[in-house]
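Asks: Would you be able to build a 3D model of this:
(one chain, ligands or ions: 1)
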Amino acid sequence: MSGPTRRWVGTSWKMTKSRAEAEAWARRVGPVEPPVGVVPFVMPGFTMLDLVRDALGTGTAVRLGAQNGHWADAGPWTGEVAMPMLVEAGVSMVEIGHAERRAWFGETDHTVALKVTSAQRHGLIPVICVGEPAEVRAAGRSTDFVIDQIAAALADAPTPAEAVIAYEPVWAIGAEGRRPEPGELVDVFDAVARRWPVGEAIAGVLYGGSVDVDNAAELLGVPGCDGLFVGRGAARAEDFERLVEIAGRA
Ligand SMILES: O=C(CO)COP(=O)(O)O
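Replies: All right, here's what the predicted structure looks like:
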């Protein structure tokens, strides 16, 4: 996965959207031709993966992702979805270790590492979510915290160069989150870029947390930021399209 640096623009719908809403979004976004080097992706809920895949259409530039996947290939894991199942559904990327999953569903650095390994064994690009809580930032330990999370996630990765990192500080995510000043992100992006150079050791480092069409360009301007991972700010198809355009100019 070497070559020119890419710009990734992705959205996770988390636990939102009806099938009708999902289909309308995907039908509109599917035919979009992104600017050269921009890689759009969407991560719907599991029950909508086939629907969204079909609504995006064959030949779409938009990659399909899932919001989670289990580390075992199959077995007695009630309620879980295995990476081979995602592959069968047409998924090419899988989100791993989102802050909400770490906070509510017991995800740890260990389970994140297991999932990264499984995703890569099955040819999926893991989107590894990392980010410090507010108290860690207040204590001035953001960079060390994030570096440790990434190192743990990649500890057993068969091909670390084909992993995407999403830096999503916990304090910036969701309706309760605080919009970051780009300057607040510089140190973390700088430290990650030094340790895992893009194109060599990692496929891209994205920023996520309270991104929208108004702050996208300035966030993409943070050195080492290779893209955006967006929740609420990309829920509307037209906003996602704008974000893809903005990434093309950044
Ligand atoms: O968690 C996020 C993306 O995974 C970010 O969510 P928001 O963009 O809604 O803050």
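Asks: okay, the residue most central in space within the chain: pLDDT?
Replies: The geometric centre of the chain, computed from its C-alpha atoms, lies nearest to V127 (CA atoms, centre = their mean), at 4.5 Å. Model confidence at V127, given as pLDDT, is 98.
Asks: Make sure it is indeed in a strand.
Replies: Yes: the assignment for V127 by DSSP: H, G, I helix; E, B strand; the rest coil puts it in a strand.
Asks: For the closest residue to I173 other than its chain neighbours, give me its contacts.
Replies: Leaving aside its sequence neighbours, I173 sits nearest to G209 (CB to CB, 6 or more residues apart in numbering; 4.6 Å). Quick note: C-beta positions are derived from backbone N, CA and C, even for glycine. Contacts were defined as CB atoms under 8 Å, 6 or more residues apart in numbering; by that measure G209 touches 131, 168-169, 171-173, 177, 180.
Asks: Tell me if L64 really is in a helix.
Replies: No: if the criterion is three-state DSSP, then L64 is strand and not within a helix.
Asks: now the helices for the protein?
Replies: Using DSSP state H, the helices found in the chain span residues 19-29, 49-56, 83-88, 99-104, 109-121, 134-138, 142-153, 186-195, 216-220, 237-249.
Asks: Let's have those helices in JSON lines, adding mean pLDDT, mean neighbour count and distance to the ligand.
Replies: As requested, these are arranged in JSON lines below (pLDDT from 0 to 100; neighbours: other CB atoms under 10 Å; distance: least, CB to the nearest ligand atom, whole Å):
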{"stretch": "helix 19-29", "mean pLDDT": "98", "mean neighbour count": "17", "distance to the ligand": "15"}
{"stretch": "helix 49-56", "mean pLDDT": "98", "mean neighbour count": "20", "distance to the ligand": "17"}
{"stretch": "helix 83-88", "mean pLDDT": "98", "mean neighbour count": "19", "distance to the ligand": "17"}
{"stretch": "helix 99-104", "mean pLDDT": "98", "mean neighbour count": "17", "distance to the ligand": "7"}
{"stretch": "helix 109-121", "mean pLDDT": "97", "mean neighbour count": "21", "distance to the ligand": "15"}
{"stretch": "helix 134-138", "mean pLDDT": "98", "mean neighbour count": "14", "distance to the ligand": "14"}
{"stretch": "helix 142-153", "mean pLDDT": "98", "mean neighbour count": "19", "distance to the ligand": "15"}
{"stretch": "helix 186-195", "mean pLDDT": "97", "mean neighbour count": "17", "distance to the ligand": "16"}
{"stretch": "helix 216-220", "mean pLDDT": "98", "mean neighbour count": "20", "distance to the ligand": "11"}
{"stretch": "helix 237-249", "mean pLDDT": "97", "mean neighbour count": "19", "distance to the ligand": "11"}
